[in-house]
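> I would like the atomic coordinates for the input below:
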Amino acid sequence: MAITTEPIAEKNYQASAWHFAALVGGNVALAFGPWFVRMADTGPVAAGFWRMVIALPVIALLAWRARSPGPIDRRLLLLVAAAGLFFAFDLASWHVGIERTRLANATLFGNAGSVILMIWGLLALRRIPGTREILALAAALGGAAILMGQSLEISAVTLVGDLFCLLAGVFYVFYLLPAQRARTGLGQWTVLLLAGLAAAPVLLAVALVLGEPVWPGEAGWTPVVGLAISSQVIGQGLLVFSLKHFPPLVIGVALLTQPAIAAATGWLAFGETLGVPDMAGMVLVACALVFAKVAEPRAARAVPPER
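Next up, the predicted model:
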């Protein structure tokens with residue numbers, strides 16, 4: 001998918017019912033990723049390795065069908081290799097966090113890359129934040145403080161899980177910056193393929209260093225296959241198909257499908273209840289994600305969430 005450079009006011013979005021269904025469906029598919037991580041009896045980082053490896057053949061086919069003629073620039077390959085390295089760190093940190101905190105918190109903090117990217121853009125442009133940026137920052141800080149305070153009341157381990165998920169959001173930005181530059185010359189699926197090829201061995205190495213079980217045990221292959229299909233194939237595929245047809249506000253609101261489903265899954269599958277303060281914190285962070293999505297640089301708006 002090409003990176004848009006048109007002014008937002010002049011952008012002519014043409015979305016059909018199929019595009020809207022794909023936008024919602026992609027976010028729904030991504031929302032089940034944390035549940036599959038919890039269900040897998042591999043280590044959390046090892047689950048990320050299988051997410052990459054199992055999906056690679058399908059992504060390779062899609063990349064081959066969308067390929068551009070001519071040789072690939074070596075500098076773009078280096079950019080994608082760097083993106084893949086940070087993508088591996090992103091998934092490793094996020095999956096560890098998923099095991100240690102509530103699914104709703106993990107999904108919200110894991111998607112904090114939108115807010116961090118907005119801050120990065122303000123620093124890069126050396127400008128004072130506008131109204132939307134200020135609202136996003138205030139909502140993000142307030143919501144994160146509430147959610148982390150609630151996590152600390154449950155357990156210090158839960159707070160550590162929140163921090164791992166926030167760290168994943170930082171790594172995601174460092175994945176996103178080189179990846180979105182490489183997409184202009186390679187295309188969406190080629191970048192996903194090459195980044196996956198770079199990330200998979202790093203995830204395997206981290207899992208082995210941590211002493212995690214890599215091969216699925218009694219739970220079987222269903223959780224890791226489900227993770228690969230829901231997050232890498234269906235989620236990514238539907239978002240690649242749909243995102244360029246919607247303005248940032250619609251994309252930001254659709255993104256909120258993920259924490260809502262994650263919260264429901266956490267409650268139904270793991271008994272993770274949310275009190276009034278939790279809900280207030282979630283609303284604030286959700287608002288921050290929407291404001292940040294609207295305010296983030298145009299060059300990054302066509303890039304789908306990786307969750």
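
> what does the host helix or strand of Ala145 rub up against?
Following DSSP states H and E, one finds Ala145 within helix 131-154. For helix 131-154, contacts defined as CB atoms under 8 Å, 6 or more residues apart in numbering pick out 101-102, 105, 108-109, 112, 115, 118-119, 122, 129, 158-159, 161-162, 166, 275, 277-278, 280-288, 291-292, 294-295. In short, each C-beta sits where N, CA and C put it, glycine included.

> Just the buried ones from those?
101-102, 105, 108-109, 112, 115, 118-119, 122, 158-159, 161-162, 166, 278, 280-282, 284-288, 291-292, 294-295 (16 or more other CB atoms under 10 Å).

> sec struct for Thr273, please.
Following DSSP: H, G, I helix; E, B strand; the rest coil, Thr273 is assigned to coil.

> For the closest residue to Ala92 other than its chain neighbours, the count of nearby residues, please.
Distances taken as CB to CB, 6 or more residues apart in numbering put Val45 closest to Ala92, at 4.6 Å, once the chain neighbours are dropped. Val45 has 27 neighbours, counted by other CB atoms under 10 Å.

> average pLDDT for stretch 127-135?
Average pLDDT, stretch 127-135: 81.

> Quick one: distance of that stretch to the chain centre.
The chain centre lies 24 Å from the centre of stretch 127-135; the measure is CA atoms, centre = their mean, to the nearest Å.

> likewise stretch 275-287?
Counting by CA atoms, centre = their mean, stretch 275-287 comes out at 20 Å from the chain centroid.

> who's in contact with that stretch?
Contacts to stretch 275-287, defined as CB under 8 Å, 6+ apart, come from residues 104, 108-109, 112, 135-136, 139-140, 142-147, 149-150, 256, 259, 263, 274.

> Can you mark which positions in the biggest helix by length in the chain are buried?
When the chain is parsed with DSSP state H, its longest helix is helix 156-186. Using 16+ other CB under 10 Å as the test for burial, helix 156-186 gives 158-183, 185-186.

> residues touching Ala104, list them.
Taking CB under 8 Å, 6+ apart as the criterion, Ala104 is in contact with 259, 262-263, 266, 272, 274, 278, 282.

> a markdown table please, covering the residues you listed and showing secondary structure and distance to Ala82.
A markdown table is the format used below for those (DSSP: H, G, I helix; E, B strand; the rest coil; distance: CB to CB, whole Å):
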| residue | secondary structure | distance to Ala82 |
| --- | --- | --- |
| Pro259 | helix | 29 |
| Ala262 | helix | 29 |
| Ala263 | helix | 34 |
| Gly266 | helix | 34 |
| Glu272 | coil | 36 |
| Leu274 | coil | 38 |
| Asp278 | helix | 37 |
| Met282 | helix | 33 |
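
> would you list those residues in a markdown table and tack on pLDDT?
Formatted as a markdown table, these follow (pLDDT from 0 to 100):
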| residue | pLDDT |
| --- | --- |
| Pro259 | 89 |
| Ala262 | 92 |
| Ala263 | 91 |
| Gly266 | 92 |
| Glu272 | 92 |
| Leu274 | 85 |
| Asp278 | 89 |
| Met282 | 89 |
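
> Would you agree Gly266 is in contact with Leu108?
No. Under the criterion of CB atoms under 8 Å, Gly266 is not in contact with Leu108, lying 11.6 Å apart.

> helices or strands up against the helix or strand in which Trp50 is found?
Trp50 is part of helix 44-65, with elements assigned from DSSP H and E. When contacts are defined as 3 or more CB pairs under 8 Å, 6 or more residues apart in numbering; DSSP states H and E, helix 44-65 sits against helix 33-39, helix 74-100, helix 188-209, helix 222-227.

> CA-only coordinates of the third one in CSV, if you can.
Going back to what we said before, that points to helix 188-209. The C-alpha trace of helix 188-209 is given here as CSV (Å, rounded to 0.1, in the frame of the first residue of the first chain):
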residue,chain,number,x,y,z
GLN,A,188,3.6,-3.3,2.0
TRP,A,189,3.7,-7.1,1.7
THR,A,190,7.4,-7.2,0.7
VAL,A,191,8.3,-5.2,3.8
LEU,A,192,6.2,-7.5,6.0
LEU,A,193,7.9,-10.5,4.4
LEU,A,194,11.5,-9.2,4.8
ALA,A,195,10.8,-7.8,8.3
GLY,A,196,9.4,-11.2,9.3
LEU,A,197,12.4,-13.0,8.0
ALA,A,198,14.7,-10.6,10.0
ALA,A,199,12.5,-10.8,13.1
ALA,A,200,12.0,-14.6,13.4
PRO,A,201,15.6,-15.6,14.2
VAL,A,202,15.9,-12.8,16.7
LEU,A,203,12.7,-13.9,18.5
LEU,A,204,14.0,-17.5,18.5
ALA,A,205,17.3,-16.5,19.9
VAL,A,206,15.7,-14.4,22.7
ALA,A,207,13.3,-17.3,23.6
LEU,A,208,16.3,-19.7,23.9
VAL,A,209,18.3,-17.2,26.0
